[in-house]
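Undergrad: Predicted model and sequence follow; I will ask about them next.
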Amino acid sequence: AGWQIVAEHDLVAAGVECRWRDAKFSYYHAKLMVIDDAHALVSTGNYSKSFSVDKERNYVAQISDPDDVADLAALFDADWAGEPMDLKSTRLIVSPLNAKPRLLALIDSAETTLDIESMQFAETDVRKHVLARKAAGVNVRVLLAAPSWIKANAEAAKLLSDNGIPARFMASPGVHVKSMIIDGVRAYIGSE
């Protein structure tokens, strides 16, 4: 945590107001920027040059839809204030509030193709839903971080292969992405 204290010190010295995550969350893994309440950036990567730029495969999405930007700004404001946020009328996928059912519904919506690129593939229900899409005739492909980094991916790749799903590993750059492309027309990127 020493590097976090240095980063906070540097930000505060530059006039940036900083707060630590709310203690009610075991982890705070979001990577989000809202710019002038008109655009937002959502990233799969951590804001660290040594990993995000040099060593890891990550994606960043620029969000310009006014409703999505407003929802992201409201979510940041709620987190900043340590208050809950109602996400019933948003398209956002946010842990731990609505992520699992929305990700499973997204997987279930695949009719022709489902491409997954992920640092790890270990969540039981996600696995079941992906295997069900394959059994329904969807062309599923999975790209994972190499087992030399994420050991559990060796077992995940075997499970996928045993069920007729091509799974490949990518070691350089290391797969840090969490993404899905559904039917070539919808996509998800995030940190979950």
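TA: That came through, no problem.
Undergrad: Look up which helix or strand R102 falls in, please.
TA: Assigned by DSSP states H and E, R102 belongs to helix 99-108.
Undergrad: For R102, which non-adjacent residue is spatially closest?
TA: Nearest non-adjacent residue to R102, counting by CB to CB, 6 or more residues apart in numbering: I93, 4.7 Å away. Quick note: C-beta positions are derived from backbone N, CA and C, even for glycine.
Undergrad: and the one you found, how many neighbours does it have?
TA: 19 (other CB atoms under 10 Å).
Undergrad: Just want the phi and psi numbers for it.
TA: phi -110, psi 110 (degrees, to the nearest 10).
Undergrad: pLDDT at it, what is it?
TA: The per-residue pLDDT reported for I93 equals 90.
Undergrad: is it true that it touches I189?
TA: No: using CB atoms under 8 Å, I93 is not in contact with I189; the gap is 9.9 Å.
Undergrad: about what we covered before: give me the packing partners of the helix holding R102, helices and strands only.
TA: Here helix 99-108 touches helix 124-135, strand 178-182, strand 186-189, going by 3 or more CB pairs under 8 Å, 6 or more residues apart in numbering; DSSP states H and E.
Undergrad: okay, these in CSV with mean pLDDT next?
TA: Output for the helices and strands packed on helix 99-108, formatted as CSV (pLDDT from 0 to 100):
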stretch, mean pLDDT
helix 124-135, 98
strand 178-182, 96
strand 186-189, 94
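Undergrad: Might you report the residue contacts of the residue nearest to R102?
TA: Counting by CB atoms under 8 Å, 6 or more residues apart in numbering, I93 touches A99, R102, L103, L106, Y188, G190, E192.
Undergrad: Was I right to think the first one contacts S191?
TA: To tie it back to what came earlier, the one meant is A99. No: using CB under 8 Å, A99 is not in contact with S191, being 9.7 Å away.
Undergrad: So between those two, which is more surrounded?
TA: Taking neighbours as other CB under 10 Å, A99 and S191 compare with S191 leading, 20 against 16.
Undergrad: Relative to A122, how far out is the closest residue to that one other than its chain neighbours?
TA: Nearest non-adjacent residue to S191, counting by CB to CB, 6+ apart: H29, 4.5 Å away. Separation of H29 from A122 (CB to CB, to the nearest Å): 15 Å.
Undergrad: same thing with G164?
TA: Distance from G164 to A122, by CB to CB: 20 Å.
Undergrad: These two: which is more packed in?
TA: A count of neighbours by other CB under 10 Å puts A122 above the other of G164 and A122, at 13 against 10.
Undergrad: Let me know the pLDDT of the more buried one.
TA: So, for A122, pLDDT stands at 94.
Undergrad: Pull the contacting residues for it.
TA: Per CB under 8 Å, 6+ apart, neighbours of A122: A152, A156.
Undergrad: next one: D108
TA: Here D108 is in contact with H129, A132, R133 (CB under 8 Å, 6+ apart).
Undergrad: Many thanks, we can stop here.
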